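K.L.:
sequence plus the predicted model coming up.
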Amino acid sequence: MSFPLRPMLGATVALSLLAAFPAQAQTLQSAVRALDAAGTRSIQLTGSGSWFQFGQAPDPSLPWPRFELSRYVADIDYEKAGARVQISRIQALEPGRVRPAPVEQKVDQYVSGPVAWNLPTAAPAGGGAPAPQAQPAAVAERQAEVWSTPQGFLRAALAHKARSRPLKGGGSEVSFTLDGRHRFVGQINARNEVEVVRTWVDNPVLGDTLVETRFSAYRDFGGIPFPGRIERSQGGHPVLDLQVNDVRLNAAAAVEVPPEVASATRQLPVVKVDKLADGVFFLTGGTHHSVLIEQSDHLVVVEAPLNEERSLAVIAKAKETVPGKPIKYLINTHAHFDHSGGLRTFVNEGAAIVTPKANVPYYRKAWSAPRSINPDGLARSRKGALFAEVDGKRVLSDGKRSIEVHSIVGSGHSDAFALVYLPGEKVLVEGDAFTPTAANVPAPARPNPYSVNLYENIRKLGLEVEQIAALHGPRVVTLADLRTAIGEASAAR
């Protein structure tokens with residue numbers, strides 16, 4: 001999705017049009033002049049503070065995990081509707097929660113009109129320059145950030161015939177719509193400062209998701225007022241808290257679309273099938289996997305990751321692999337958005353969602369939100385969701401094959417976490433607790449505590465595991481591979 005803008009108006013034309021606006025638009029006119037919005041073609045802002053990982057809360061009731069930002073540089077080109085954001089971040093410690101040792105992450109991400117991409121910050125293993133990676137799912141959110149800056153909001157308001165209404169105590173509320181679907185609502189105070197911008201983007205879990213950006217501590221940067229602090233929330237929790245250190249106006253912003261990204265064609269989801277046992281199939285392809293399990297008169301699928309498009313491909317492959325049987329259950333390991341974004345598609349298919357108990361009220365609330373930006377199949381059918389809660393252990397049996405769903409206890413990754421075990425086939429299915437590496441890659445120097453915890457859960461539950469179908473990673477592995485990954489000393493405890 002993109003937010004195309006009409007060609008931006010020049011300063012003289014823009015202000016002459018504003019002069020003809022109704023009286024309540026005068027705050028908008030004053031703010032455009034005060035912040036030189038019509039004359040600001042691009043902006044570079046640098047700062048530090050906190051960034052939060054959207055959709056990855058360790059518990060459905062908790063905020064998104066916090067990372068410390070040592071570097072944040074945003075180059076925004078308003079005339080080309082483009083931006084480059086460079087970030088250096090490291091995950092903050094959380095008292096009482098055990099996570100892998102934090103390492104610095106560097107991010108270099110772009111958007112230009114309807115195209116988004118990332119540039120890896122590390123050279124590829126074979127040498128050479130890193131190749132740009134298209135990020136089509138990120139376009140709407142990154143464009144929202146472009147127009148959720150003070151000058152960006154005002155420029156977009158000029159170009160899209162914004163409506164204004166006075167606010168009690170002074171100032172105005174200004175609103176407009178981009179591409180017929182994306183609404184922006186901002187508040188300008190009596191000092192001609194943009195205080196807040198609200199917009200909504202689509203999310204597979206949350207539907208129409210509020211992105212709210214607040215601006216405060218305005219001060220002079222090179223002759224133009226700009227906020228010294230930017231606070232952004234998404235889905236009800238913070239995603240950015242930035243202390244602005246420097247602002248530069250009308251510098252060149254390097255957001256030209258790379259040729260390999262511009263010429264890239266949209267890739268449809270690919271689902272490959274590997275047989276794990278009779279009636280048990282590993283559905284792979286891309287970054288996230290699923291597992292298909294056949295029972296006497298129905299099918300069970302483990303995990304519905306990413307989005308509706310991925311789930312539709314998994315459903316089609318499941319029906320092709322085992323035709324003539326409905327999908328009765330979808331087992332969801334945890335609520336992180338990359339593992340739950342396709343759940344609604346299975347609800348629409350008629351499947352009951354098997355998930356840890358704490359996730360159920362969260363999904364019910366999230367799925368009741370409006371979905372006007374990008375209605376999915378469930379929004380159109382309005383079917384009700386059926387849940388089967390997991391609280392310790394739940395067994396799905398047809399009298400011949402049993403599927404055990406166990407809570408993973410004590411993991412720092414998620415407090416509402418589950419694994420799936422097939423006792424007859426001795427197959428374990430899990431996601432995010434252990435991600436196997438390619439064969440012959442040395443074990444990490446420090447074992448991942450999530451993987452250590454998974455092994456401890458396997459041992460305490462007395463599971464006889466021969467194969468591990470990890471929902472990330474390049475291959476099916478054995479329990480011996482898990483023991484090697486965590487170190488024999490840890491595994492022997």
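P.N.:
Yep, that arrived.

K.L.:
how long is stretch 296-315 end to end?
P.N.:
End-to-end distance for stretch 296-315, by CA to CA, to the nearest Å: 18 Å.

K.L.:
domain parsing for this protein?
P.N.:
Domain assignment for the chain by automatic domain parsing gives 11-262, 272-491.

K.L.:
and the longest one, how far out from the chain's middle?
P.N.:
So the one you mean is domain 11-262. On the basis of CA atoms, centre = their mean, to the nearest Å, domain 11-262 sits 16 Å off its chain's mean C-alpha point.

K.L.:
check the last one too.
P.N.:
Using CA atoms, centre = their mean, we find the averaged C-alpha position of domain 272-491 to lie 19 Å away from the chain's own average C-alpha position.

K.L.:
tell me which element residue 366 is part of?
P.N.:
helix 359-367 (DSSP states H and E).

K.L.:
so what touches that helix?
P.N.:
When contacts are defined by CB atoms under 8 Å, 6 or more residues apart in numbering, helix 359-367 is touched by residues 60-61, 205-207, 332, 334-335, 340, 343-344, 347, 353, 355, 378, 385, 387, 389, 416. Quick note: C-beta positions are derived from backbone N, CA and C, even for glycine.

K.L.:
now a PyMOL select for only the buried ones of these.
P.N.:
Buried residues among the contacts of helix 359-367 (16 or more other CB atoms under 10 Å), as a PyMOL selection:
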select buried, resi 60+205+206+207+332+334+335+340+343+344+347+353+355+378+385+387+416
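
K.L.:
keep only those of the contacts of helix 359-367 that are in strands.
P.N.:
Among the contacts of helix 359-367, the ones falling in strands (DSSP state E) are 207, 353, 355, 387, 389.

K.L.:
quick one: which of those residues is nearest residue 142?
P.N.:
Taking CB to CB as the measure, residue 142 lies nearest residue 207 of the ones in strands among the contacts of helix 359-367, at 19.3 Å.

K.L.:
let me know the pLDDT of that closest one.
P.N.:
At residue 207, the pLDDT value in this model is 98.

K.L.:
ok, it - contacts?
P.N.:
366-367, 369-371, 373, 379.

K.L.:
let's go with 7 Å and repeat that
P.N.:
Each residue near residue 207 by CB atoms under 7 Å, 6 or more residues apart in numbering is listed here: 369-371.

K.L.:
now do residue 238
P.N.:
Residue 238 makes contacts with 52, 63, 231, as judged by CB under 7 Å, 6+ apart.

K.L.:
which stretch in the domains of the chain has the least confidence?
P.N.:
Lowest mean pLDDT within those: domain 11-262, a mean of 93.

K.L.:
where exactly do the strands run in the stretch 101-250 of the chain?
P.N.:
105-112, 115-118, 133-134, 163-166, 172-178, 182-188, 194-203, 207-221, 224-234, 237-249 (DSSP state E, counting those that start in this stretch).

K.L.:
among those, which is nearest residue 271?
P.N.:
So among the strands of the stretch 101-250 of the chain, strand 133-134 is nearest, using CB to CB, at 20.1 Å.

K.L.:
list the contacts of that closest one.
P.N.:
The contact list for strand 133-134 (CB under 7 Å, 6+ apart) reads 117-118, 120, 261, 264.

K.L.:
helices of the stretch 51-200 of the chain, start to end?
P.N.:
If DSSP state H, counting those that start in this stretch is used as the criterion, the helices of the stretch 51-200 of the chain fall at 139-147, 150-159.

K.L.:
tilt between the first one and helix 150-159?
P.N.:
Meaning helix 139-147. Orientation check (axes from the mean of the first three to the mean of the last three CA atoms, to 10 degrees): helix 139-147 against helix 150-159 gives 100 degrees.

K.L.:
same for helix 139-147, what does it pack against?
P.N.:
Applying 3 or more CB pairs under 7 Å, 6 or more residues apart in numbering; DSSP states H and E, one finds that helix 139-147 contacts strand 82-91, strand 105-112, helix 150-159, strand 194-203.

K.L.:
with that, I have no additional questions.
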